[in-house]
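> what's the 3D shape of this:
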Amino acid sequence: MAQPVKLGVVGGHRGGAFRRALAAFQERVVLTSVCDISPEVLARWESEYPQITTYPSYDEFLDKSGCDVVYIATPLQLHTKQAIAALAAGKHVISEVIAATTLDECWRLVEAVERSGLVYMFAENYCYQRPNMMVRHMAEQGLFGELLYAEGAYIHDCRHLIFTPQGELTWRGVWRRDTPGNGYPTHSLGPLAQWLRVNRPGGDRLVRTVTWMTCQASTSRYALDRFGPNHPAAKPGFFKMGDSATTLIETAKGALIVLRVDWASARPHNMVHYVLQGTHGAYLSPRSHHEDPLIWLEGHSPGVSPGDADWEPLWNYADQYEHPRWREWGATAREAGHGGGDFFVLQDFLDAIEGKSPPTIDVYDAVTWSCISPLSVASVRGGGVPVEIPNFKQSAISLQPKAEC
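Have a look, this model is predicted:
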């Protein structure tokens with residue numbers, strides 16, 4: 001049996017949530033090192049894993065840790081720079097979301113991966129949740145017919161995460177202060193893109209997008225209530241990101257994708273808001289954990305449309321259409337975190353490193369989904385103007401200026 005790959009974590013806080021997934025693959029991967037700027041975070045890792053080495057400096061981590069793989073779990077503003085540095089150091093990369101924050105970063109990341117010949121995988125774990133994989137499996141078999149419309153939303157009150165207890169801005173707070181538009185699109189878009197087979201042979205492509213957002217009110221109210229009227233964040237206009245943003249995306253085949261992001265409004269967490277509409281059926285995710293996901297399929301579900309068509313639970317089709325990987329690995333995946341997503345992300349990443357398959361969510365997916373964030377900024381600043389979405393499948397290297405002969 002091959003030796004397990006040596007994995008190093010950069011970003012010990014979020015990286016800690018990946019420990020359960022690592023435990024499921026002890027024969028294939030071993031944790032050797034952790035990098036974080038916080039001594040307290042490093043101390044917690046050393047206490048649990050006394051055999052590892054820890055580093056406060058990312059450069060030192062890359063130079064001395066000896067890891068084969070870098071798992072990037074730092075604030076999103078750092079992902080591209082750290083991924084490119086890891087690839088340049090000869091290390092495979094698995095990166096948390098989003099992959100890049102500007103179009104320039106998107107292109108530079110694609111170029112770095114292409115030049116390196118190493119494995120880069122995007123850790124968009126929402127793609128692997130059980131209902132999302134089951135709907136994907138059903139869509140691939142044509143049960144929904146032609147796919148016309150898809151909707152996704154990330155609605156999660158994270159206001160407590162944008163401030164430290166002392167009232168200073170965290171990286172999330174800085175992101176909200178400086179970045180209008182849709183700053184966190186991939187949890188919503190990733191599963192939809194897979195259902196529509198974006199970037200896949202015979203599939204679809206994202207071609208144009210526009211974003212509108214509300215004014216900002218909830219975050220300043222939160223700052224006022226918690227830190228008082230003299231806190232800068234309590235003032236109107238401090239945060240450029242509105243409470244809620246809606247993004248529309250047009251595809252090459254004429255489908256429409258609608259995304260909503262809202263991590264400022266006071267309401268229960270809506271982790272898995274998804275909709276799919278095809279010519280022969282539709283899917284609705286649950287509104288809360290009290291409900292089942294719903295489906296209606298022409299010729300399978302109760303009634304006819306128009307007429308007496310009625311929804312039924314998605315799970316009515318589990319015996320026939322459960323995704324094969326969930327059928328095989330579901331019990332183990334549930335224990336690994338993020339609705340099973342962390343397990344399958346790591347499994348696919350290790351398979352790619354071992355040459356069993358290409359990365360399931362590769363760098364082209366990563367930048368195609370992530371670029372919606374900087375494009376939304378351009379759209380909002382332009383007053384809701386539509387903007388073109390680059391085709392990152394065109395080689396970043398081939399687009400470089402050619403040397404004169």
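> contacts, neighbours, all on C-alpha from now
OK.
> any low-confidence regions in the stretch 301-405 of the chain?
Scanning the stretch 301-405 of the chain with the threshold set as pLDDT under 70 gives 395-405.
> Show me the helices in it, by range?
With helices called from DSSP state H, counting those that start in this stretch, the stretch 301-405 of the chain shows them at 318-321, 324-334, 341-353, 363-370, 372-381.
> between the ones you listed, which gets nearest to Cys106?
Shortest separation from Cys106 across the helices of the stretch 301-405 of the chain is recorded for helix 363-370, at 5.4 Å, computed as Cα to Cα.
> Please write out the alpha-carbon positions of the closest one in CSV.
Only the C-alpha atoms of helix 363-370 are listed here, as CSV (Å, rounded to 0.1, in the frame of the first residue of the first chain):
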residue,chain,number,x,y,z
VAL,A,363,-9.6,25.0,-10.6
TYR,A,364,-11.9,25.9,-13.5
ASP,A,365,-14.9,25.2,-11.4
ALA,A,366,-13.3,27.1,-8.5
VAL,A,367,-12.8,30.3,-10.4
THR,A,368,-16.0,30.1,-12.4
TRP,A,369,-18.0,29.9,-9.2
SER,A,370,-15.9,32.4,-7.3
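> Identify each buried residue in that helix, please.
363-370 (16 or more other Cα atoms under 10 Å).
> And for stretch 330-340?
Using 16+ other Cα under 10 Å as the test for burial, stretch 330-340 gives 330, 333-334, 336-340.
> Confirm Arg208 sits in a strand?
Yes - read with DSSP: H, G, I helix; E, B strand; the rest coil, Arg208 is one of the residues of a strand.
> returning to that earlier point: among the buried residues of stretch 330-340, which one lies nearest to Ala123?
Nearest to Ala123 among the buried residues of stretch 330-340 is His338, at 11.2 Å by Cα to Cα.
> The closest one: what's its closest spatial neighbour, skipping adjacent residues?
In space, His338 comes closest to Asn125 once its chain neighbours are excluded; the distance is 6.9 Å by Cα to Cα, 6 or more residues apart in numbering.
> And the one you found, its phi and psi?
Dihedral pair for Asn125: phi -70, psi -20, per degrees, to the nearest 10.
> likewise Leu76?
Here is the backbone geometry of Leu76 (degrees, to the nearest 10): phi -60, psi -20.
> tell me the SS of the closest residue to it other than its chain neighbours?
Counting by Cα to Cα, 6+ apart, Leu76 lies nearest to Ile98, which is 5.9 Å off, once chain neighbours are set aside. Ile98 falls in the coil class when you classify it by three-state DSSP.
> Hmm, Ile98 is touching Tyr184, no?
Yes - between Ile98 and Tyr184 there is a contact under Cα atoms under 8 Å: 6.9 Å.
> between the two, who's got more neighbours?
Set Ile98 next to Tyr184 and count neighbours by other Cα atoms under 10 Å: Ile98 wins out with 27 against 22.
> How about Gly330: what's its closest non-neighbour residue?
Gly340 (7.3 Å).
> So the one you found versus Leu192, what's the distance?
Counting by Cα to Cα, to the nearest Å, the gap from Gly340 to Leu192 is 18 Å.
> End to end on stretch 15-24, go ahead and measure it.
By Cα to Cα, the extent of stretch 15-24 from end to end equals 15 Å.
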